[in-house]
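K.L.:
give me a model of this one.
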Amino acid sequence: MKKNKFFSRRSLLSGSLIAGASSLLFSCKDTKNNLQSNSNNNEKSYNLKMVTTWPKDFPGLGTSANRLAKKINIASQGKINIKVYGSGELVPAYEAFDAVRNGVADMCHDSPYYWLSKHPATVFFSTLPSGLNSYEQTSWLLYGGGLQLWQELYDNFNLISLPSGNAGLQMFGWFKEEIKSLNDIKGLKIRMSGIHAEVFNRIGAITVNIPGGEIMTSLQAGVVDGVEWGGPWMDLAFGFHKIVPYCYGPGLHEPGLSTSLTINKSIYNNMPEKLKNIIKLCCYSEIAESLAEFNYRNALLFKELSEKYKVKFRLLPQDLIKAWVENSEDVIREIAEKDNISKKIYASWNLHRERSKNITKYYDLGFLQARKNYSIKQ
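P.N.:
Presented below is the predicted three-dimensional model:
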């Protein structure tokens with residue numbers, strides 16, 4: 001394996017991930033502008049702006065951001081008041097990281113894999129192709145040392161970040177034509193973001209990174225031949241089924257998408273401990289609530305897409321799966337070689353993955369296979 005293979009392509013990824021350099025125009029604001037005095041008890045209240053990488057009020061991701069903000073507002077009894085801005089309302093989706101870092105916004109609701117150009121190791125705290133599922137990812141973050149390593153990385157950017165949700169396993173994507181073998185995806189233009197795009201490029205596709213709010217128009221206009229976004233719930237909201245007939249799973253690229261609440265470190269450090277704990281506990285509660293909602297609504301709307309709209313759901317062909325997993329391993333190892341912090345993060349993450357792989361045949365995988373084979377069909 002060539003060490004620089006991934007990073008020789010990094011300029012392509014960086015260009016597609018972060019639209020332009022307009023974030024350099026952001027000017028820092030005095031964090032004291034975010035504080036107001038409370039005349040009743042002399043405690044400070046915090047009026048904060050949350051930007052997101054999702055379309056305003058978009059089902060699943062956008063609504064999770066709204067719900068998290070509401071939880072924090074209520075739990076803090078008015079000491080924290082968060083106003084949520086969808087992508088493009090205050091800053092473009094892919095400029096949210098720098099907006100928070102430089103004080104244009106106070107926090108953002110995102111997924112760390114969007115910040116690949118800031119540092120490749122950010123992807124470990126989101127989801128990785130052929131990596132950890134939603135439960136494994138959360139357990140690594142909270143108990144396997146992932147959260148501490150995440151903070152070590154984000155210290156370089158004056159940011160604090162907490163896991164704040166999980167969308168579970170994704171669908172692989174929607175396609176105009178049936179995918180019968182690996183050869184069928186070669187040369188296709190596919191909307192895919194993050195490190196997953198690098199894997200797709202290596203197995204023959206041409207990836208285009210498009211923010212969520214622009215995906216539908218790009219598909220309609222024929223800019224892309226296929227798109228990935230989420231699962232049945234979010235995909236039905238976009239209306240992909242009205243344009244393309246085939247939907248493929250499983251989502252090898254995103255086995256357990258973690259979302260995060262990223263906060264300007266200076267603002268966060270000025271808060272009393274009780275408010276920091278409120279933010280943390282609200283984030284953790286949203287992990288459970290968002291995953292539960294995604295699992296419920298995906299199952300419900302899979303049935304609707306299948307029966308009402310006659311979507312042709314298909315499993316990925318085995319030669320594509322094999323090529324995807326093998327190339328995923330190469331890309332992940334190349335990220336690990338970037339620098340010392342990347343090596344530390346990879347070692348911790350991979351240790352947890354190996355432990356999870358060892359138990360899964362006696363655990364989730366064994367149970368799901370048994371249920372599939374022997375449960376009575378209704």
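
K.L.:
check what pLDDT the residue lying closest to Lys71 once chain neighbours are set aside gets.
P.N.:
Leaving aside its chain neighbours, Lys71 sits nearest to Cys282 (4.2 Å; criterion: C-beta to C-beta, 6 or more residues apart in numbering). Backbone N, C-alpha and C define where each C-beta goes, glycine included. Residue-level confidence at Cys282 comes out at 98, pLDDT.

K.L.:
which SSE is immediately downstream of the helix or strand that contains Cys282?
P.N.:
Here Cys282 is covered by helix 273-307, with elements defined by DSSP states H and E. Scanning forward in sequence from helix 273-307, with DSSP H and E defining helices and strands, the next element found is strand 312-315.

K.L.:
could you list the buried residues of the following helix or strand past that next one?
P.N.:
Tracing the chain past strand 312-315, the next element assigned as helix or strand by DSSP H and E is helix 318-336. For helix 318-336, the buried set under the neighbour-count rule, 16 or more other C-beta atoms under 10 Å, comprises 320-321, 323-324, 327-328, 331-332, 334-336.

K.L.:
now the helices: where do they sit in the chain?
P.N.:
With DSSP state H as the definition, the chain shows helices at residue ranges 5-8, 10-17, 61-75, 96-101, 134-143, 146-154, 195-202, 215-220, 232-238, 265-269, 273-307, 318-336, 340-360, 364-374.

K.L.:
which one of those helices lies nearest to Ile82?
P.N.:
Nearest to Ile82, of all the helices of the chain, is helix 61-75, at 4.0 Å by C-beta to C-beta.

K.L.:
how about that closest one: buried residues?
P.N.:
Judged by neighbour count (16+ other C-beta under 10 Å), helix 61-75 contains these buried residues: 61-62, 64-69, 71-73, 75.

K.L.:
hang on, the earlier thing: reformat the helices of the chain as a markdown table; add distance to Leu169.
P.N.:
A markdown table is the format used below for those (distance: least, C-beta to C-beta, whole Å):
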| stretch | distance to Leu169 |
| --- | --- |
| helix 5-8 | 25 |
| helix 10-17 | 23 |
| helix 61-75 | 15 |
| helix 96-101 | 25 |
| helix 134-143 | 7 |
| helix 146-154 | 19 |
| helix 195-202 | 13 |
| helix 215-220 | 19 |
| helix 232-238 | 11 |
| helix 265-269 | 31 |
| helix 273-307 | 9 |
| helix 318-336 | 14 |
| helix 340-360 | 14 |
| helix 364-374 | 12 |
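
K.L.:
weakest of those helices in terms of mean pLDDT?
P.N.:
For the helices of the chain, mean pLDDT drops lowest on helix 10-17, to a mean of 36.

K.L.:
tell me how far the residue positioned nearest the centre of the chain lies from Leu252.
P.N.:
Most central residue of the chain, judged by C-alpha distance to the mean C-alpha position with C-alpha atoms, centre = their mean, is Ser111 at 3.6 Å. According to C-beta to C-beta, to the nearest Å, Ser111 stands 17 Å off from Leu252.

K.L.:
ok, Tyr246 next?
P.N.:
For Tyr246, the distance to Leu252 - C-beta to C-beta - is 16 Å.

K.L.:
same thing with Lys44?
P.N.:
47 Å.

K.L.:
higher neighbour count, the two?
P.N.:
More neighbours sit around Leu252 than around the other of Lys44 and Leu252, counting by other C-beta atoms under 10 Å; the figures are 21 against 16.

K.L.:
thought that one was touching Glu326?
P.N.:
No: between Leu252 and Glu326 there is no contact, the gap being 11.3 Å when judged by C-beta atoms under 8 Å.

K.L.:
distance between the ends of stretch 192-208?
P.N.:
Looking at stretch 192-208, the gap from its leading to its trailing residue is 6 Å under the measure C-alpha to C-alpha, to the nearest Å.

K.L.:
list the buried residues for it?
P.N.:
Using 16+ other C-beta under 10 Å as the test for burial, stretch 192-208 gives 192-203, 205, 207-208.

K.L.:
please apply the same query to stretch 135-152.
P.N.:
Along stretch 135-152, these residues count as buried under the neighbour rule (16+ other C-beta under 10 Å): 136-138, 140-141, 144-147, 149-150.

K.L.:
Throw those into CSV and include distance to Ser126, thanks.
P.N.:
CSV is the format used below for the buried residues of stretch 135-152 (distance: C-beta to C-beta, whole Å):
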residue, distance to Ser126
Glu136, 13
Gln137, 9
Thr138, 12
Trp140, 12
Leu141, 11
Gly144, 16
Gly145, 17
Gly146, 11
Leu147, 13
Leu149, 13
Trp150, 10
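
K.L.:
from those, which single one is nearest Gly187?
P.N.:
Gln137 (32.5 Å).

K.L.:
quickly note the distance from the closest residue in space to that closest one that isn't next to it in sequence to Leu291.
P.N.:
Closest residue to Gln137 in three dimensions, ignoring its sequence neighbours and counting by C-beta to C-beta, 6+ apart: Gly256, at 4.4 Å. In this structure, Gly256 lies at 9 Å from Leu291, with C-beta to C-beta as the measure.

K.L.:
mutual contacts of the two, please.
P.N.:
Common contact partners of Gly256 and Leu291 (C-beta atoms under 8 Å, 6 or more residues apart in numbering): 134, 166, 168.
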